[in-house]
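Undergrad: please work out how this folds:
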Amino acid sequence: MGKSLYIAEKPSVAQEFAKALKIKARRGDGYLESEEAVVTWCVGHLVTMSYPESYDPSLKRWSLQTLPFLPEEFKYEIIPAVEKQFRIVSGRCDRCRTLCGRRFLCSMDKLYQVYRRRCSGGWRCDQPD
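TA: Residues are numbered from 1 along each chain as shown. Now for the predicted structure:
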């Protein structure tokens with residue numbers, strides 16, 4: 001069985017997760033890791049919804065005639081300022097069985113959509129009891 005991966009909102013919350021779970025972890029670049037678990041963080045949001053012009057260049061200029069804009073499938077992009085942390089989190093997802101808290105399911109769903117497009121490996125989010 002793989003390591004458990006706990007994804008927190010920010011570094012201080014990740015440290016509290018590790019402490020509460022009694023994980024004696026070494027600090028890596030963007031994560032904490034022990035023999036049985038990895039705790040990492042998303043530094044707020046790692047991905048954002050794409051702007052309308054990514055769907056159609058004609059939507060770059062706003063117009064009442066193009067509203068409402070409701071795509072069949074929403075697109076997401078990695079936020080450039082936190083791309084390094086996105087790569088760290090998605091790299092841990094490649095190696096671990098993932099457990100995520102209910103509070104982050106919406107963010108994790110967006111993260112997963114971008115991650116799934118970028119990686120060929122499987123990824124699973126098991127809801128803890």
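Undergrad: and the closest residue to residue 78 other than its chain neighbours, which of the three is it?
TA: Distance criterion CB to CB, 6 or more residues apart in numbering; nearest residue to residue 78, sequence neighbours excluded, is residue 86 at 4.9 Å. For every residue, glycine as well, the C-beta is placed using N, CA and C. Three-state call for residue 86 (DSSP: H, G, I helix; E, B strand; the rest coil): helix.
Undergrad: hmm, residue 86 is touching residue 48, no?
TA: No - if you go by CB atoms under 8 Å, residue 86 and residue 48 don't touch, sitting 11.2 Å apart.
Undergrad: name the residues contacting each of these two.
TA: Common neighbours of residue 86 and residue 48, counting by CB atoms under 8 Å, 6 or more residues apart in numbering, are residue 79.
Undergrad: between the two, which one's more packed in?
TA: Higher neighbour count among residue 86 and residue 48: residue 86, with 21 against 14, using other CB atoms under 10 Å.
Undergrad: okay, stretch 70-84 in CSV with CA atoms only?
TA: Extracted in CSV, the C-alpha atoms of stretch 70-84 (Å, rounded to 0.1, in the frame of the first residue of the first chain):
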residue,chain,number,x,y,z
LEU,A,70,-21.7,29.3,-20.3
PRO,A,71,-19.2,26.8,-21.8
GLU,A,72,-20.2,23.2,-22.0
GLU,A,73,-17.0,22.3,-20.2
PHE,A,74,-15.1,24.7,-18.0
LYS,A,75,-11.3,25.1,-18.5
TYR,A,76,-8.8,25.6,-15.7
GLU,A,77,-5.2,26.9,-15.7
ILE,A,78,-2.4,26.7,-13.3
ILE,A,79,-1.8,30.1,-11.6
PRO,A,80,1.8,31.1,-12.8
ALA,A,81,2.9,32.5,-9.4
VAL,A,82,2.3,29.0,-7.7
GLU,A,83,3.2,26.7,-10.6
LYS,A,84,6.2,25.3,-8.7
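Undergrad: what's that stretch in contact with?
TA: Applying CB under 8 Å, 6+ apart, the contact partners of stretch 70-84 are 30, 42-50, 54-55, 86, 110, 113-114.
Undergrad: and the residues you listed, which of them are in strands?
TA: Secondary structure from DSSP state E places 47-49 of those in strands.
Undergrad: if anything else comes up later, I'll come back, but that's it for now.
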